[in-house]
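**Q** Okay, structure incoming, though there's no sequence with it:
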């Protein structure tokens with residue numbers, strides 16, 4: 001987003017926490033919480049914000065595809081997993097790379113603005129989408145895609161690094177549980193939720209699916225199935241901790257009003273109208 005339209009660092013962090021928590025608990029392909037990030041933007045910057053969110057989700061899924069493909073390579077060359085499972089993971093990775101790019105092309109070709117405007121109005125209220133809001137989204141999204149490539153590449157890199165922290169989380173969980181494992185085992189177990197999200201992302205937080213998938217993967221790697229289930233439960237504790245912060249963050253949601261404080265200012269402005 002342009003510098004004068006970005007949220008403050010605090011607003012950016014708060015919006016990401018709120019959106020991630022909502023995505024985990026709402027059954028809409030991990031996207032339902034994203035409009036909440038608009039609460040920390042100026043009213044006249046929300047069309048640009050929504051266009052940035054659309055592109056951000058495309059970059060996020062692209063990074064997931066790259067990491068899943070890496071997990072498939074590790075599974076095939078360094079574990080005892082059947083080759084068919086590794087091949088399925090590789091196919092899912094290519095789908096995660098191809099489908100978001102195809103979706104972005106279709107969005108640009110046929111427009112998403114009017115549909116996005118309807119979603120924002122339904123979730124946040126009519127005051128969050130002014131006249132011409134949809135057309136502004138389409139125009140801004142086109143400008144982002146046709147603009148410099150460096151921000152897009154950096155976006156993928158940042159998402160890859162973010163998802164890589166999940167691999168570290170799995171590694172530390174396995175250490176904490178005290179079971180013998182290899183780095184390849186940790187890499188595969190970290191990739192399993194990514195592969196499952198391709199098919200089961202409509203299930204809130206993939207309840208039950210992740211537990212079963214990780215138990216199956218752990219058993220296939222020669223680890224006790226309960227290890228896979230326990231890893232998922234440890235990660236769910238993190239989700240619950242994030243969710244506990246949401247009410248506090250929403251109470252402090254203070255979008256900058258048009259023509260007043262710029263991003264990076266104190267942020268102490270009036271609350272939005274109810």
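**A** Nice, thanks for sending it over. Since this is a predicted model, take the numbers as computed values, not measurements. Numbers count the residues shown, from 1 in each chain.
**Q** Counting neighbours, which bits of the helix or strand hosting residue 237 end up buried?
**A** Here residue 237, judged by DSSP states H and E, is contained in helix 225-251. Using 16 or more other Cβ atoms under 10 Å as the test for burial, helix 225-251 gives 225, 227, 228, 229, 230, 231, 232, 235, 242, 243, 246, 249. Bear in mind the C-beta positions are built from the backbone N, C-alpha and C, glycine included.
**Q** can I assume the second one is in contact with residue 176?
**A** No - distance between residue 227 and residue 176: 10.8 Å, which falls outside the contact criterion (Cβ atoms under 8 Å).
**Q** So, low pLDDT: which residues of the stretch 1-150 of the chain?
**A** Applying pLDDT under 70 to the stretch 1-150 of the chain flags the ranges 27-32, 113-117, 120, 123-131.
**Q** So which residues of it form strands?
**A** Counting by DSSP state E, counting those that start in this stretch, one finds no strands in the stretch 1-150 of the chain.
**Q** one step back: mind giving me the packing neighbours of the helix holding residue 237?
**A** For helix 225-251, the packing partners by 3 or more Cβ pairs under 8 Å, 6 or more residues apart in numbering; DSSP states H and E come out as helix 9-25, helix 150-177, helix 209-220.
**Q** Those helices into JSON lines, with extra columns for mean neighbour count and distance to residue 111?
**A** Output for the helices and strands packed on helix 225-251, formatted as JSON lines (neighbours: other Cβ atoms under 10 Å; distance: least, Cβ to Cβ, whole Å):
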{"stretch": "helix 9-25", "mean neighbour count": "19", "distance to residue 111": "23"}
{"stretch": "helix 150-177", "mean neighbour count": "15", "distance to residue 111": "21"}
{"stretch": "helix 209-220", "mean neighbour count": "19", "distance to residue 111": "33"}
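**Q** closest to residue 99 out of those?
**A** With Cβ to Cβ as the measure, helix 150-177 is the member of the helices and strands packed on helix 225-251 nearest residue 99 (15.6 Å).
**Q** and after that closest one, which helix or strand comes next?
**A** For helix 150-177, the following helix or strand on the C-terminal side (DSSP H and E) is helix 183-200.
**Q** can you list contacts of that next one?
**A** By Cβ atoms under 8 Å, 6 or more residues apart in numbering, the residues outside helix 183-200 that reach it are 30, 64, 67-68, 70-72, 74-75, 78-79, 81, 88-89, 92-93, 95-96, 163, 166-167, 169-171, 174, 206, 209-210, 213-214, 217-218, 221, 223, 228, 231.
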